[in-house]
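*Asks:* Requesting a structural model of the entry that follows:
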Amino acid sequence: MAASQSSNSPSTPISIVNRLSEAFTRVQEKIRERAYLNFLDREPGQGDSVDDWLNAQWEVLTRVNLVVKEQKKNIVVEADLKGFSPKEIEVEVGAHELKVFGTHKESAERSKPGATGSSSEVVYFYESVRLPFAVDAKGSQAVLFKNGKLKVTLPKNAG
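*Replies:* Next up is the predicted model:
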């Protein structure tokens, strides 16, 4: 199979939610815990709570680039989410903002003579983007293509 597939490759719809799920709340808790550990690790009088929080976000969350494209009737937002399944991605659409959240667990088994082991890593991302026009949340669609490309189509509000 070719490494690059067209965006016309088979796709799976992603549901658009009104509020991000419990998984998002759990990630925020992981960030809070990591920020607290950062606080404990720093020297007294050095740094501040904002630095602790921002560093914790950087350590916990994976960066995903959302690309916003304006069309005549729609705003299209795309992202590369290779490795994620549609069930691991949540999209929330507001009148002027798009939020995308995902959580993915990767497992790997290692085998050495006389020993077998496994490891797992959880990958989280959360991105939001301010939209250049008001959009119709009810008419919005999100799909994940087989090549890992997320495409969110947001109809512009008439008027």
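*Asks:* how about low-confidence regions in the chain?
*Replies:* For the chain, the stretches with pLDDT under 70 are 1-9, 108-119, 159.
*Asks:* Strands of that one, residue ranges please.
*Replies:* 11-14, 16-17, 67-70, 74-80, 89-93, 97-112, 115-130, 141-145, 149-155 (DSSP state E).
*Asks:* Indicate which one of the ones you listed is closest to Phe39.
*Replies:* strand 115-130 (20.8 Å; C-beta to C-beta). (Glycine included, C-beta is placed from N, CA and C.)
*Asks:* ok so, going back, switch the strands of the chain over to TSV; also include mean neighbour count and distance to Glu43.
*Replies:* What follows is those, written out as TSV (neighbours: other C-beta atoms under 10 Å; distance: least, C-beta to C-beta, whole Å):
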stretch	mean neighbour count	distance to Glu43
strand 11-14	16	45
strand 16-17	15	42
strand 67-70	12	41
strand 74-80	18	38
strand 89-93	21	39
strand 97-112	15	33
strand 115-130	13	29
strand 141-145	19	45
strand 149-155	20	42
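*Asks:* quick one, which of those strands is nearest to Gly47?
*Replies:* strand 115-130 (23.4 Å).
*Asks:* re earlier: specify the stretch among the strands of the chain that is closest to Thr25.
*Replies:* Closest approach to Thr25 among the strands of the chain (C-beta to C-beta): strand 97-112, 10.6 Å.
*Asks:* hmm, back to that, TSV please, covering the strands of the chain and showing distance to Val27.
*Replies:* As requested, these are exported to TSV (distance: least, C-beta to C-beta, whole Å):
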stretch	distance to Val27
strand 11-14	18
strand 16-17	15
strand 67-70	23
strand 74-80	17
strand 89-93	11
strand 97-112	7
strand 115-130	5
strand 141-145	20
strand 149-155	18
